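okay, here's the prediction I keep looking at, along with the sequence it came from:
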Amino acid sequence: MQYLIDASVYVFRAYYSMPDDMVDDQGNPINALYGFCRFIGDFMEQVTPEYVAVLFDESSTETFRTAIYPEYKANREPAPPELKRQFKQCRRYVRALGLMELSNPAYEADDLIGTLVEHGRRKGRASTIVTRDKDLTQLVSKDDVFWDYAGKGKLRYDQIPDSFGVWPEQIADFLALAGDAVDNIKGVPGVGKKTATGLLQHFGSLDEIYANLDKVHEVNVRGAKTLAAKLDTHREDAYLARRLTGIACDVPIENAEALMQPAAPKLGEINALFDEAGIGMALRRQAERVSDIYRH
């Protein structure tokens, strides 16, 4: 099993859940750094993975999706400077802990995760995707696990519909139909989550829906009689959205197999980072315990 961590989710989680009066000697906030380091340390102690990668988002304005649709994620406020600073520190910590840390300006962390999932499959290795982002459920096959760490827990392939309404391979189509306000993807106007779920349960996929518009009126959803006309009018919108909601699994990543195998932590670099941030002994001791696990 390999573990692929959607890092930004947990940096943001720490930033908004840890007290904002946690600061270093210069008054810079360290709440996201502290919470994220504790999360990664807890994870490494609990799981002791043989293969692991920690993937970050780098830019939301220069990815291949914004080239397709400039309004993609345009509704999001940029991260404040104090959070950007802590993102860099979090990445330093991951590297110092001996873990694969990666981002790519043309792709999102989701795409890096998707690529490593495919890499693992070629090696005969299943993946556990550590995130709380529903978009990533589309990568889950029958051997994989979606793990909302410190949240709802682990979901396997056959449990995804109970939580999200559709099967993993239908998630991207679902988001293309219903839209995704978080990412500023409009989808098809007049098609909400319940309607999208009903359509996919009936037809199976976006392509099959559009191949059978003359049968859409048979689906047991509100407004079924006028639904085919809406879908037809907004066909281009639906397929544009589908290009945005699908995860790319072909990002060039060099030396992935070796990099995913944890190395012994560099305790000197970790202590230097913690000295700068004014972080005390608890996280240092945790890093030492992780070092004991991975010292070769």
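Perfect, thanks for sending it. Bear in mind that the values here come from a model prediction, so they are computed numbers and not experimental data.

measure D232 to V216 for me?
9 Å (C-beta to C-beta, to the nearest Å). All C-beta spots, glycine's among them, are computed from the backbone N, C-alpha and C.

between these two, who's got more neighbours?
Under the criterion of other C-beta atoms under 10 Å, the comparison of D232 against V216 puts V216 first, with 23 against 12.

could you list the low-confidence segments of the stretch 101-250 of the chain?
Scanning the stretch 101-250 of the chain for pLDDT under 70 picks out nothing.

name the residues that touch stretch 36-45?
Contacting residues not belonging to stretch 36-45 are listed as 3, 5, 7, 10-11, 13-14, 52, 54, 86, 90, 93-94, 97, 99, 130, 149-150, 262, 279, 283, 286-287, 289-290, 293 [C-beta atoms under 8 Å, 6 or more residues apart in numbering].

in strands, which of those fall?
3, 5, 52, 54, 130 (DSSP state E).

dump the residue contacts of the nearest residue to R65 once chain neighbours are set aside.
Leaving aside its sequence neighbours, R65 sits nearest to Y72 (C-beta to C-beta, 6 or more residues apart in numbering; 4.7 Å). Y72 is in contact with 60, 63, 65-66, 183-185, 244, counting by C-beta under 8 Å, 6+ apart.

mind checking which of those residues are in helices?
Counted as lying in helices by DSSP state H, out of the contacts of Y72, are 65-66, 244.

save those residues as TSV, and put in distance to G120 too.
As requested, these are arranged in TSV below (distance: C-beta to C-beta, whole Å):
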residue	distance to G120
R65	24
T66	28
L244	25
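
got JSON lines for these, with neighbour count and distance to R76 too?
Output for these, formatted as JSON lines (neighbours: other C-beta atoms under 10 Å; distance: C-beta to C-beta, whole Å):
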{"residue": "R65", "neighbour count": "22", "distance to R76": "13"}
{"residue": "T66", "neighbour count": "17", "distance to R76": "12"}
{"residue": "L244", "neighbour count": "22", "distance to R76": "14"}
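
show me where the stretch 151-296 of the chain has strands.
Secondary structure of the stretch 151-296 of the chain by DSSP state E, counting those that start in this stretch: the strands cover 153-156.

how about the helices in it?
160-164, 171-178, 193-203, 206-211, 224-233, 235-245, 256-259, 267-277, 281-294 (DSSP state H, counting those that start in this stretch).

point out the most buried one among the ones you listed.
For those, the largest average neighbour count (mean count of other C-beta atoms under 10 Å) is found in helix 171-178, namely a mean of 25.

so it versus helix 224-233, what angle?
Counting by axes from the mean of the first three to the mean of the last three C-alpha atoms, to 10 degrees, helix 171-178 lies at 100 degrees to helix 224-233.

now do helix 171-178: which elements does it pack against?
helix 160-164, helix 193-203, helix 206-211, helix 235-245 (3 or more C-beta pairs under 8 Å, 6 or more residues apart in numbering; DSSP states H and E).

could I get the CA-only coordinates of the second one as CSV?
Output in CSV follows, covering the C-alpha atoms of helix 193-203 (Å, rounded to 0.1, in the frame of the first residue of the first chain):
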residue,chain,number,x,y,z
LYS,A,193,-27.0,17.3,-7.1
LYS,A,194,-30.2,15.2,-6.8
THR,A,195,-30.8,15.5,-10.5
ALA,A,196,-27.2,14.7,-11.5
THR,A,197,-27.3,11.7,-9.2
GLY,A,198,-30.6,10.5,-10.7
LEU,A,199,-29.3,10.9,-14.2
LEU,A,200,-26.1,9.0,-13.5
GLN,A,201,-27.9,6.2,-11.6
HIS,A,202,-30.2,5.8,-14.6
PHE,A,203,-27.7,6.1,-17.5
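
any residues touching that helix, and which ones?
By C-beta under 8 Å, 6+ apart, helix 193-203 touches 165-166, 170, 173-174, 177-178, 187, 191, 206, 209, 212, 216, 218-223, 227.

now do the last one
Helix 235-245 is touched from outside by 65, 68-69, 72, 135, 171-173, 175-177, 179-180, 183, 185-189, 206, 210, 231, with contacts defined as C-beta under 8 Å, 6+ apart.

same check on the shortest one?
Outside helix 160-164, the residues within contact range by C-beta under 8 Å, 6+ apart are 134, 137, 140, 146, 152, 155, 166-168, 171, 174.
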